[in-house]
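> Below are the sequence and a predicted model for it; my questions follow.
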Amino acid sequence: LPPLHIACCGLAPQAKLADWTALAGDSDKLRRGMERLYKLFEQAPVLGSLINPRAGGDLLDACFDDLAPLLEKALADEKADDAKQEMAVKAKGIAKAAEILGSKFTLIATNFPYLKRANQVEALKTFASLLDEHSQAELATTFLVKTLCDLNKNGTIAVVTPQSLTYQRYYVRLRKRILEENSLGLVVKLGPGAFETISGEIVQPILLIVDNKKPEATHALGYADFVRETNSTGKDIALKSSSFALLRQKSVLESREHKISSAGASELPDLAEFCECYQGICTGDIPRFGACFWEFPKENNGWVLQHSTPENGSEVSGCTQMLFWQNGKGSLYDQIVERLGEAGVSSWIRGLEAWGSQGVAIAQMQSLRSGLFTGKCFDSNTAVVIAKEQNDLPAIFVYCRSEEYRDAVLEIDQSIKISNKTLLKVP
């Protein structure tokens, strides 16, 4: 049988450079090759398969496969001491890893590791920034960029990666580049509960297949969304039995922010053409500035009625709170100025444009419960949709309360709290 092409890419040399290059004997070319191998894998325990042997080096350096006979000879040297033998064993393994990592592939199938940039060590942050500034927010997207570079022409990746790639604004430029330069074969959104051993909402993966070739104008990608399936068993059944939609990749590319969803590929106008959506006031201290309406007989002494998030299926809900407003120039204002300065006031005192208008109040958590907005002030967990033409309000109200609307929003943004602007980016 031919030897298996297997190597560990997480081993560092752990020897002095002079001892390492001494394995090459008197050949300058081999010594330069050993030195490059040493420097490439100095941070192997951190970078692992992110190491790219194709970067750097020149024609005067020995190729990594040139080093193999040299290392075999060192291993066969019966006069070598144990330390030199051990170094030769490790060098041979590292050279094999470099040979594999420096190759181009027809197919790469993997589940990327997930780690947000805030939790990465400095060496990893630096590498990710140098590789691609538009993918550095998450280790998995750094791996995605590296993996696409490892493909032969017309090669394919089949990977599991975070769902945020398909919708978060941070990845707009990365999505655009992938859609322009590659043909997407399949995008399946799995959402929370996709892994049997991981609970909660944090890990929300997609299944992604991408070909390393320019998409034709008529190219369509397979698409499915199984976020609503609550556990891995349901998602498994859906994958095997459900039909997949076809999205024109060109339509996704031409959509605003290039979000990968059926909504993004729709030719219908966005809700934003008919509405404005506002974020509510943030107090930073609810016990001090908030109260329930039954605590005061009426709006006076600086207290005003405040709309909060709808809590049930009723058309009128969330109308229980009051805010110590003082015409916007009292204790709340002073506290915000103390915390954020005058320039930061508008980042907390928001949505005044919607006061006095009728509209739709929407909870920004994933339930997206909605109800009638009566024109009062509203809190920071509530987004308010105001129709540009009041005649459109009844239709907008009914749509925002529908399952169709909730599904469309969650298809493009699976964040725990959804931004007010995203609420209008649906057909």
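Happy to help now that I have it.

> all helices for the protein, in order.
According to DSSP state H, the chain carries its helices in the segments 17-22, 28-40, 44-47, 64-76, 82-101, 122-131, 139-149, 172-181, 232-241, 249-254, 286-289, 331-340, 393-400, 403-412.

> And these: which comes nearest Ser164?
Of all the helices of the chain, helix 139-149 sits nearest to Ser164, with 8.3 Å by Cβ to Cβ. Where you see a C-beta, it was placed from the backbone N, CA and C, and this is true even at glycine.

> Go through the closest one and flag the buried ones.
139-148 (16 or more other Cβ atoms under 10 Å).

> would you list the helices of the chain in TSV and tack on distance to Thr320 and mean pLDDT?
Formatted as TSV, the helices of the chain follow (distance: least, Cβ to Cβ, whole Å; pLDDT from 0 to 100):
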stretch	distance to Thr320	mean pLDDT
helix 17-22	70	80
helix 28-40	63	81
helix 44-47	52	90
helix 64-76	69	59
helix 82-101	60	78
helix 122-131	45	91
helix 139-149	42	94
helix 172-181	39	95
helix 232-241	36	90
helix 249-254	42	91
helix 286-289	13	87
helix 331-340	19	90
helix 393-400	21	92
helix 403-412	23	84
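
> Redo these as TSV? Include distance to Val160.
Below are the helices of the chain laid out as TSV (distance: least, Cβ to Cβ, whole Å):
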stretch	distance to Val160
helix 17-22	37
helix 28-40	27
helix 44-47	20
helix 64-76	30
helix 82-101	21
helix 122-131	19
helix 139-149	9
helix 172-181	16
helix 232-241	12
helix 249-254	20
helix 286-289	40
helix 331-340	40
helix 393-400	33
helix 403-412	19
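
> so where's the stretch 151-300 of the chain shaky on pLDDT?
198-202, 263-267 (pLDDT under 70).

> What ranges does it have for its strands?
Residue ranges of the strands in the stretch 151-300 of the chain, as given by DSSP state E, counting those that start in this stretch, are 151-162, 183-189, 205-211, 220-225, 245-248, 275-279, 290-292.

> returning to what we had before: of the helices of the chain, flag the one that's most buried.
Mean neighbour count (mean count of other Cβ atoms under 10 Å) peaks for helix 139-149 among those, with a mean of 21.

> Give me the residues contacting it.
Here helix 139-149 makes contact (Cβ atoms under 8 Å, 6 or more residues apart in numbering) with 49-50, 52, 108, 110, 112-117, 120, 124, 127-128, 131-132, 135-136, 157, 159, 161-162, 165, 171, 174, 178, 182, 210, 212.

> ditto for stretch 270-283
Residues contacting stretch 270-283 (Cβ under 8 Å, 6+ apart): 256, 289-290, 306-307, 323, 332, 347-351, 353-354, 377-389, 392, 396, 399, 419-421, 423-427.

> Buried among these? Make that a ChimeraX selection.
The following ChimeraX line selects those of the contacts of stretch 270-283 that are buried, judged by 16+ other Cβ under 10 Å:
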select :289,290,306,307,323,332,348,349,350,351,354,377,378,379,380,381,382,383,384,385,386,387,396,399,420,423,424,425,426
